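Asker: here are the coordinates; sequence isn't available:
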């Protein structure tokens, strides 16, 4: 990625602040995590912890520490995570995937995209048009060529930015916790994803 991006090229990334939710917050948290400013689970919810991480990132990069992610913050996030990605691009062992591909690598791709809320189809190992659409969305959001083909750069972005994060989704750091429901309990957990 070219580190001389202009702010108008980041216009797909909206200004984010505490209280916002969605895919762009997932991208934000993932990039902050890769850079070492955020160490919690990726939730897609811009909470106080995310704001604190943004402020730390902004202070470290001579950006006004408002806790609001504007185009200046997005530019720096993409610049720094792109530099981090390039270190992982040296060796790529996964095959290029495209419309019509099948197999275990397509299952892995679909799983990653589903964990990131880009894909809502079945995890069936068939690279169909639904998978292709999800890949294109991911590529667009991560400033990759949006061709729907999963090559070295797309695999690298998925693995570098997201694989360790997706693994944490729904796990309790390897500990299994059991709770027995007793009379008087209420369902206060809601969605624990």
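Answerer: Looks like it arrived, so ask away. Since we're looking at a predicted model, the values are computed, not measured.

Asker: Could you chop the chain up by domain?
Answerer: 8-88, 104-168 (automatic domain parsing).

Asker: Rounded mean pLDDT for the first one, please.
Answerer: The pLDDT scores in domain 8-88 average 84.

Asker: Stretch 65-75: which residues count as buried?
Answerer: 67, 68, 69, 70, 71, 73, 74, 75 (16 or more other C-beta atoms under 10 Å). Quick note: C-beta positions are derived from backbone N, CA and C, even for glycine.

Asker: how many other residues sit next to the residue nearest to residue 121 when sequence neighbours are not counted?
Answerer: Closest residue to residue 121 apart from its sequence neighbours, by C-beta to C-beta, 6 or more residues apart in numbering: residue 130 at 4.1 Å. Residue 130: 15 surrounding residues under other C-beta atoms under 10 Å.

Asker: Now do the contacts for residue 130.
Answerer: Residue 130 makes contact with 119, 120, 121, according to C-beta atoms under 8 Å, 6 or more residues apart in numbering.

Asker: Same question for residue 113.
Answerer: 119, 131, 134, 135, 138.

Asker: tell me the pLDDT at the nearest residue in space to the fourth one that is not next to it in sequence?
Answerer: On the basis of C-beta to C-beta, 6+ apart, the spatially nearest residue to residue 135 that is not a chain neighbour turns out to be residue 148, at 5.1 Å. The pLDDT attached to residue 148 in the predicted structure is 95.
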